[in-house]
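Undergrad: Here is a sequence together with a model predicted from it:
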Amino acid sequence: MDYLIDKKKFFDIWSNKLTIPIPALDIVIFTIYKWNLCLVLWRNKERFWDKYAIPGWIIARWYSLEENFDNILQRETGITWVYKEQLYTFGNPSRDDRWHVISISYYAFVKVESLLKTADFTKIDLVKYDDIENLDFVYDHKSIIKYAKQRLEWKLEYTNISKDLLPKNFRISQLQLTYEIVLWKKLDKRNFQKKIFKLHMIKETWELDKTTNRPAKLYTFIDKELKTYEIL
């Protein structure tokens, strides 16, 4: 088992001399753009023709998963920081027809303001989640995306994770719309606001949003770190 990937080029690592699976790290990145749940997808025609992929790469040895994540994120998307959580390890031997590749997958969230400032749009596309059924993906990446979306729905119901999808200050109507976009369902306005205030998740900033003809109160999240609440 002394045949290791080491510093070989990506296309040179596949060999019948390998006796172990190849570990990869893949990232499902969500954002909300123009009030649509969107994905940051990789479209490398040299490697994948016209198919889409989630950003990812082979894990470099002697570096932590955290270091590999940061390197892959910036190199493949241009984005420098996201909120992330480890999602799942996908290890079906047939998921990649070149070799047995194990995917250590993450799901991540980036505020659209940060995305638009840092993303390299020569490398990535911003695609609505609702459109993924009409796209061709490499390997099992569509399944990974769907699993990440399900995890996001669950997380939204009992944490303040929406803070990583919204601006620092927001209207409460924007918060509700974020929930509706992710959960794919309409929420009753009065019940939603009652539950949110009962959880002490947000607070007033004592400022008004005057970007429309109807100024409205602005709110911000009380806790800057991830916090668990009762299920909404």
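TA: Done, it's in. This structure is a prediction, so every number in the text was calculated from the model and none was measured. Numbers count the residues shown, from 1 in each chain.
Undergrad: And for Q174, the neighbour number?
TA: Neighbour count of Q174, defined by other Cβ atoms under 10 Å: 19. Any C-beta I mention is one placed from the backbone N, CA and C, and that applies to glycine too.
Undergrad: Also H141?
TA: The number of residues packed near H141 is 26, by other Cβ under 10 Å.
Undergrad: so who does the nearest residue in space to it that is not next to it in sequence touch?
TA: Using Cβ to Cβ, 6 or more residues apart in numbering and skipping the chain neighbours, the partner closest in space to H141 is I54 (5.1 Å). Going by Cβ atoms under 8 Å, 6 or more residues apart in numbering, I54 touches 26-29, 39, 41-42, 141, 144-145.
Undergrad: Specify which member of those is nearest to I104.
TA: The shortest approach to I104 among these belongs to D26, at 7.5 Å (Cβ to Cβ).
Undergrad: who's in contact with that closest one?
TA: Contacts of D26 by Cβ under 8 Å, 6+ apart are 54-56, 103-106, 141, 144.
Undergrad: now it, what's its secondary structure?
TA: Counting by DSSP: H, G, I helix; E, B strand; the rest coil, the backbone at D26 sits in strand.
Undergrad: what bridges to it?
TA: Beta bridges link D26 to G56, S105, judged by DSSP bridges.
Undergrad: how close does it sit to L115?
TA: Going from D26 to L115 by Cβ to Cβ, to the nearest Å gives 18 Å.
Undergrad: got it, and I145?
TA: To L115, I145 is 17 Å away according to Cβ to Cβ.
Undergrad: do P21 as well
TA: Applying Cβ to Cβ to P21 and L115 gives a distance of 32 Å.
Undergrad: Equivalent analysis for R214, please.
TA: As judged by Cβ to Cβ, R214 and L115 stand 28 Å apart.
Undergrad: Among those two, which residue is more densely surrounded?
TA: L115 (22 against 7).
Undergrad: can you confirm that one is in a helix?
TA: Yes: counting by three-state DSSP, L115 is part of a helix.
Undergrad: mind listing what it touches?
TA: 31, 33, 40, 79, 126.
Undergrad: Just the buried residues from the residues you listed, in ChimeraX please.
TA: The following ChimeraX line selects those of these that are buried, judged by 16 or more other Cβ atoms under 10 Å:
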select :31,40,79,126
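Undergrad: Low-confidence ranges, the chain, go.
TA: Applying pLDDT under 70 to the chain flags residues 1-16, 44-48, 231-232.
Undergrad: domains in it, as residue ranges please.
TA: In terms of domains, the chain is parsed into 10-152, 161-221 (source: automatic domain parsing).
Undergrad: Need the ones you listed in TSV (columns: distance to E230).
TA: Output for the domains of the chain, formatted as TSV (distance: least, Cβ to Cβ, whole Å):
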stretch	distance to E230
domain 10-152	19
domain 161-221	7
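Undergrad: deepest of these, which one?
TA: Each of the domains of the chain was scored by mean neighbour count; the highest is domain 10-152, a mean of 16, by mean count of other Cβ atoms under 10 Å.
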